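Peer 1: Below are the sequence and a predicted model; questions follow.
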Protein chains: 2
Amino acid sequence: MTIEVQASPRERLLEATASLTYREGAGIGVEALCKAAGVSKKSLYQLFGSKDELLAASLERGSTSYTAALLPPADDGRSPRERILHVFEQVESQAGAPEFQGCQYLAVQIELKDQSHPGSRVAHRVKEELTGFFRAEAAEGGAGDPGLLARQLSLVFDGASARAGIRADRLAGLVRPTVVALLDTAGLR
Amino acid sequence: MTIEVQASPRERLLEATASLTYREGAGIGVEALCKAAGVSKKSLYQLFGSKDELLAASLERGSTSYTAALLPPADDGRSPRERILHVFEQVESQAGAPEFQGCQYLAVQIELKDQSHPGSRVAHRVKEELTGFFRAEAAEGGAGDPGLLARQLSLVFDGASARAGIRADRLAGLVRPTVVALLDTAGLR
């Protein structure tokens, strides 16, 4: 992992936490994080108070780029159907990378096994935003039950990224027909 | 956790590993496992060689009851469609339990982040058996592409149990219409 030497201790800790948590899991130790960031434990506790809060801040910091990498630009002129399919094209594309371990906001919640953990709360909110995007597009596209379609699409999103992350499926030829079947059943334009 | 006093050290270790790994994650330490099982570290290493092998043996031991709790009895006279829906009824029912943390064979692979880990290999095989069940039923039911339908159903299975495990969705009113849409699209009888 390359950390720019100009970055502040705070930035280096956030970056190291994001990378190492994704690669090795939320159980990664404080010592490993400090070592990777080149920051003392004392600084970590002064800056973030606890490892739990550092993890939450790191997930929060990554949420903008996570969402931007998945969602289409607002008002891009495409139909709700095309805008929803755009998200799943990104998942399929991301899943092709050798370092892909699935959606970090799903994985961290599975690993923490505690919905009251500060990191779980951030992750839960980030995933809710994705479901909210699906719901808004489903309503815009005239789905019979936008809430149900949003839940179905979130389920497919998490199932697809989890299975690709554990190398149970490469997703090619899988995600699009699955999503299309659900969009068609929901009557989405 | 209650461990029967009559159980052998081997059995107690397998049981403690299954329970604690599910509840707290695959990163659970050897000391915690030995304490819960009432077994010395020396005995653990004599019996299993390593914690990784203990975890793999524990996952292997649980696979029979895992599969039995999900799959319908062989040749129960029901249609492939009904037999597939049976699996998802079990998932929805299991997800209602307060201690439900999602499918343990998915979670352990996400947590280990290493497909060559002995535990990941067992988990991968157990999940492949479920996909194999879906594939056989899909073929029996005349699906246009049984392989695709099996992958879709595995994706829905993992997405549903993961989202219920992290309390992102209670699954009620979600899983059945999702599966039915995919079965209908595949032309399953």
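Peer 2: Yep, that arrived.
Peer 1: any idea how far stretch A:56-66 is from the chain center?
Peer 2: Here the centre of mass of C-alpha atoms in stretch A:56-66, compared against the chain's by CA atoms, centre = their mean, to the nearest Å, lies 9 Å away.
Peer 1: buried sites along that stretch?
Peer 2: A:56, A:57, A:58, A:59, A:60, A:61, A:62, A:63, A:66 (16 or more other CB atoms under 10 Å in any protein chain shown). The C-beta positions use only the backbone N, C-alpha and C, and glycine is treated the same way.
Peer 1: Please name the nearest non-neighbouring residue to the fifth one.
Peer 2: Just to be clear, that refers to residue A:60. In this structure, residue A:60 finds its nearest non-sequential neighbour in residue A:122, 5.1 Å apart by CB to CB, 6 or more residues apart in numbering or on different chains.
Peer 1: give the contact list for the spatially closest residue to residue A:48 that is not a sequence neighbour.
Peer 2: Setting aside the residues directly before and after it, residue A:48 is nearest to residue A:54 in space (CB to CB, 6+ apart), at 4.0 Å. With contacts defined as CB atoms under 8 Å, 6 or more residues apart in numbering or on different chains, residue A:54 is in contact with A:13, A:14, A:17, A:33, A:44, A:47, A:48.
Peer 1: Now the residue of chain A most remote from its centre: which helix or strand?
Peer 2: Most distant from the centre of chain A: residue A:42, at 29.8 Å, with distances by CA atoms, centre = their mean. Take DSSP states H and E as the rule and residue A:42 turns out to sit in helix A:41-48.
Peer 1: For that helix, which outside residues touch it?
Peer 2: Contacting residues not belonging to helix A:41-48 are listed as A:9, A:10, A:13, A:30, A:31, A:33, A:34, A:37, A:51, A:54, A:57 [CB under 8 Å, 6+ apart].
Peer 1: Dump those residues to JSON lines, plus pLDDT and secondary structure.
Peer 2: Listed next are these as JSON lines, based on pLDDT from 0 to 100; DSSP: H, G, I helix; E, B strand; the rest coil:
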{"residue": "A:9", "pLDDT": "96", "secondary structure": "helix"}
{"residue": "A:10", "pLDDT": "97", "secondary structure": "helix"}
{"residue": "A:13", "pLDDT": "98", "secondary structure": "helix"}
{"residue": "A:30", "pLDDT": "97", "secondary structure": "helix"}
{"residue": "A:31", "pLDDT": "98", "secondary structure": "helix"}
{"residue": "A:33", "pLDDT": "98", "secondary structure": "helix"}
{"residue": "A:34", "pLDDT": "98", "secondary structure": "helix"}
{"residue": "A:37", "pLDDT": "97", "secondary structure": "helix"}
{"residue": "A:51", "pLDDT": "98", "secondary structure": "helix"}
{"residue": "A:54", "pLDDT": "98", "secondary structure": "helix"}
{"residue": "A:57", "pLDDT": "98", "secondary structure": "helix"}
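Peer 1: Spell out which helix or strand contains residue A:83, please.
Peer 2: Per DSSP H and E: residue A:83 is located in helix A:80-95.
Peer 1: do the same with residue A:107
Peer 2: Using DSSP H and E, residue A:107 falls in helix A:104-112.
Peer 1: What is whatever helix or strand comes next after that helix packed up against?
Peer 2: Beyond helix A:104-112 in the direction of the C-terminus, DSSP H and E gives the next helix or strand as helix A:118-140. Contact analysis of helix A:118-140 by 3 or more CB pairs under 8 Å, 6 or more residues apart in numbering or on different chains; DSSP states H and E lists helix A:51-70, helix A:80-95, helix A:104-112, helix A:146-165 as its packing neighbours.
Peer 1: got the angle for helix A:118-140 vs helix A:104-112?
Peer 2: Taking axes from the mean of the first three to the mean of the last three CA atoms, to 10 degrees, one finds that helix A:118-140 is oriented at 140 degrees with respect to helix A:104-112.
Peer 1: which parts of stretch A:76-85 are buried?
Peer 2: Across stretch A:76-85, burial judged by 16+ other CB under 10 Å covers A:80, A:81, A:83, A:84, A:85.
Peer 1: Where does chain A get nearest to chain B, residue-wise?
Peer 2: Across chain A, no residue is closer to chain B than residue A:159, which sits at 2.6 Å (CB to the nearest CB).
Peer 1: Report how many residues lie close to that residue.
Peer 2: One way to gauge burial is a neighbour count; for residue A:159, by other CB atoms under 10 Å in any protein chain shown, it gives 28.
Peer 1: what's the nearest residue to it if we skip its chain neighbours?
Peer 2: Of all residues not flanking residue A:159 in the chain, residue B:159 sits nearest, at 2.6 Å (CB to CB, 6+ apart).
Peer 1: So what does residue A:77 look like in phi/psi?
Peer 2: Note on residue A:77: backbone dihedrals following degrees, to the nearest 10 are phi 80, psi -10.
Peer 1: check contacts around it.
Peer 2: In this structure, residue A:77 makes contact with no residue, judged by CB under 8 Å, 6+ apart.
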